[in-house]
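J.: What follows is a predicted structure for the sequence shown.
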There are 2 protein chains.
Amino acid sequence: MRGVVLHAPGDVRVEERERPAIVQPTDAVIRLAATCVCGSDLWPYRGIASVDRPTPMGHEYVGIVEEIGDQVSMIRPGQFVVGSFFASDNTCEICRAGYQTSCVQRQPGAATGAQAEYTRVPLADGTLVATPELPPDDLIPDLLAASDVLGTGWFAAVAAEVGPGKTVVVVGDGAVGLLGVLAASRLGADRIIAMSRHETRQKLALEFGATDLVTERGDDGVARIKDLTGGLGAHSVIEAVGTQESMMQAIRASRPGGHVGYVGVAHGVELPGQELFYSHVHLHGGPAPVRRFLPELIDLIWHREIDPGRVFDLTLPLDEAAEGYRAMDERRAIKVLLRP
Amino acid sequence: MRGVVLHAPGDVRVEERERPAIVQPTDAVIRLAATCVCGSDLWPYRGIASVDRPTPMGHEYVGIVEEIGDQVSMIRPGQFVVGSFFASDNTCEICRAGYQTSCVQRQPGAATGAQAEYTRVPLADGTLVATPELPPDDLIPDLLAASDVLGTGWFAAVAAEVGPGKTVVVVGDGAVGLLGVLAASRLGADRIIAMSRHETRQKLALEFGATDLVTERGDDGVARIKDLTGGLGAHSVIEAVGTQESMMQAIRASRPGGHVGYVGVAHGVELPGQELFYSHVHLHGGPAPVRRFLPELIDLIWHREIDPGRVFDLTLPLDEAAEGYRAMDERRAIKVLLRP
């Protein structure tokens, strides 16, 4: 089969690889209908995370179940399924509390890489959620978004306790931030302030439900948020970047007693304890337990109540994955969908 | 009047000072029935926080209202009142959300120092809560505890989302940690693990409702907590110290999805973003909005349902304040009550 392998920073190749097979009796192998490039794939692509050997890439996936292990009982060959970037048993105490990405059996969800024609998914019964029937083709980008960026933006909004009566700030205008806007809108926020200085992303933010745009960043951005919130700060802040600046911007944009939901993978971030203490914010986040939200998100997509697939503004055949990485790296595309 | 002044690290003097008078029309002046030495008073006493001039000390207070400003309407002279270490208007949006210690008008609650015969309290209507009538003498230590350490332990337990079915860890066996145990017990926790290696504090923790004691600290302490919680960690962790070690111990003792309520003033603490991200904990804390809890806590004390005053294991006349500071510094006393 064909699959994407990162050989070194900037060196993305689509190669002939061995087609994955069942290894554990709880595995499934799926044939991918679509996959995509994640913002987090750019960390090794840019050499910020190390690449010490050729690495199969990709962790976002939807597709049709090809084969299942002996102990898989809830997922059947032929079903169209959506999974998440971490596999989970969905039965342990941590999963039942809604933290499937910290499942006691946690492991990569696309064990052999999802930017490929096929992938192996461990713990299939706990990880995969089937759609009611085979989806029409135009829903595939939406369902693919659910497998990571939508679920992540949704978790950030839930972690930030977004709801009616709340003013929400979204730090980050990547796919996750934009879908954080969509989640905040669906969850009933009164006011959604998107922090973005890119016209195409601003436009999508407004279409997803943003009520205000702030183009300033850092201290100036925080000052603008205070201006817009009677000097108090927002009730809820979604942090979808993961840098020191963005985390501090999120904490400082929140009012005392407010909630920061952070889902940007914190690279080299150090939070100053004393400032955090006096900020009085609630801080919650981490790798989004997408599995918790999948049934609800699939349902909303199935009934065409949300259209998260609009974050994919470039679609390429899998064989052109290298161009997909380049387009995301250069911010020419918000998010790139790959068709195997 | 007599009042405590810190002249330099270790140099506590009880001096003749000017008796405070009404300055703002929203002020009250109260005659103190009791005051005490706080763990946080030890920061400047030990020279960890700077002392650049003679400083009146004390921020925990109960007493009888002597005089009120023209705009005070809810508090009357002759009432016995309990206040908190920050004054608050109790009407702004932040106060109404329960974060009175971040009130838009926040200022020190005992403007002229509480370790004295009298103190001036700003924003009296929003800051002070009166008891139903003058209390019997034996309730005074309990009411004094409510003014800071009980309210702080209670907030930590609420911030840690303590409740029925939960396993709670308490990091810190000072007065706040011990009253965090009491709060956890009152809030219905199933299991309360107190981390303490001091026999008298262990004893009080058990009497306040601790079900388990852990004497190990740091990584060993975390390993013990994991042993006691099926490898998962606690649902709720109360952090009542404020050092790098204690914060990390609290975060690591929590399970994914668990809640850390931290009330130790974070001195020089830096939280590693990536570890926090993958820990999946909820983090909330800061200066406890004691005012939020005062009506409920006074009621519990008035009906003798809780006895938080037991944390005062040494009572001295105000004139012996220096010995009170020494006893706390040397950990000979958990908490020292001073009688003006």
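T.: Looks like it arrived, so ask away. Numbers count the residues shown, from 1 in each chain, chains lettered A, B, ... in the order given.
J.: Domain map for chain A?
T.: A:2-148+A:289-339, A:150-285 (automatic domain parsing).
J.: Let's see the distance spanning the shortest one from one end to the other.
T.: It refers to domain A:150-285. Taking C-alpha to C-alpha, to the nearest Å, the first and last residues of domain A:150-285 lie 15 Å apart.
J.: Might you report the residue contacts of A:G286?
T.: A:T101, A:S102, A:Y262, A:V263, B:P256, B:L276, B:F277, B:Y278, B:S279, B:H280 (C-beta atoms under 8 Å, 6 or more residues apart in numbering or on different chains). For glycine as for every other residue, the C-beta is placed from the backbone atoms N, C-alpha and C.
J.: Now do the contacts for the third one.
T.: Taking C-beta under 8 Å, 6+ apart, we find A:Y262 in contact with A:156, A:159, A:238-240, A:242, A:247, A:250, A:283-286, B:277.
J.: out of those, which are inside helices?
T.: A:A156, A:A159, A:M247, A:A250, B:F277 (DSSP state H).
J.: does the first one really touch A:V176, like I thought?
T.: Yes - A:A156 is within contact range of A:V176, at 7.1 Å (criterion: C-beta atoms under 8 Å).
J.: Mind listing the shared neighbours of those two?
T.: A:A240, A:V263.
J.: Which residues of the stretch 201-340 of chain A lie near chain B?
T.: Residues of the stretch 201-340 of chain A lying close to chain B by C-beta under 8 Å from any C-beta of the partner chain are A:230-232, A:242, A:244, A:247, A:255-257, A:262, A:265-274, A:276-287.
J.: What's the local residue count around the residue of the stretch 101-250 of chain A found nearest chain B?
T.: Nearest to chain B, among the residues of the stretch 101-250 of chain A, is A:S102, at 3.3 Å (C-beta to the nearest C-beta). Per other C-beta atoms under 10 Å in any protein chain shown, the neighbour tally for A:S102 reads 23.
J.: For it, which non-adjacent residue is spatially closest?
T.: Nearest in space to A:S102, with sequence neighbours left out and distances taken as C-beta to C-beta, 6 or more residues apart in numbering or on different chains, is B:P256 at 3.3 Å.
J.: The stretch 1-150 of chain A: helices as residue ranges?
T.: Per DSSP state H, counting those that start in this stretch, the stretch 1-150 of chain A carries helices over the ranges A:42-45, A:93-96, A:124-127, A:140-146, A:149-159.
J.: repeat for the stretch 201-340 of chain A
T.: Under DSSP H, counting those that start in this stretch, the stretch 201-340 of chain A gives helices at A:218-228, A:244-253, A:273-279, A:290-302, A:321-329.
J.: Of the domains of chain A, which is nearest B:D299?
T.: domain A:150-285 (23.5 Å; C-beta to C-beta).
J.: Run the chain-centre distance for the closest one.
T.: 16 Å (C-alpha atoms, centre = their mean, to the nearest Å).
J.: picking that back up, quick one: the residue of the stretch 101-250 of chain A closest to chain B from A:R46, how far?
T.: A:S102 sits 27 Å away from A:R46, going by C-beta to C-beta, to the nearest Å.
J.: Over to A:D319?
T.: 22 Å.
J.: Nearest residue to A:E16 in space, please, no chain neighbours.
T.: A:R2 (6.5 Å).
J.: Let's see stretch A:299-308 as CSV, backbone CA atoms only.
T.: Extracted in CSV, the C-alpha atoms of stretch A:299-308 (Å, rounded to 0.1, in the frame of the first residue of the first chain):
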residue,chain,number,x,y,z
ASP,A,299,-24.8,12.7,15.2
LEU,A,300,-24.6,16.5,14.6
ILE,A,301,-22.7,15.9,11.4
TRP,A,302,-25.1,13.2,10.2
HIS,A,303,-28.0,15.6,10.6
ARG,A,304,-26.0,18.3,8.9
GLU,A,305,-26.3,20.6,11.9
ILE,A,306,-22.6,21.5,11.8
ASP,A,307,-20.1,21.6,9.0
PRO,A,308,-16.6,21.3,10.6
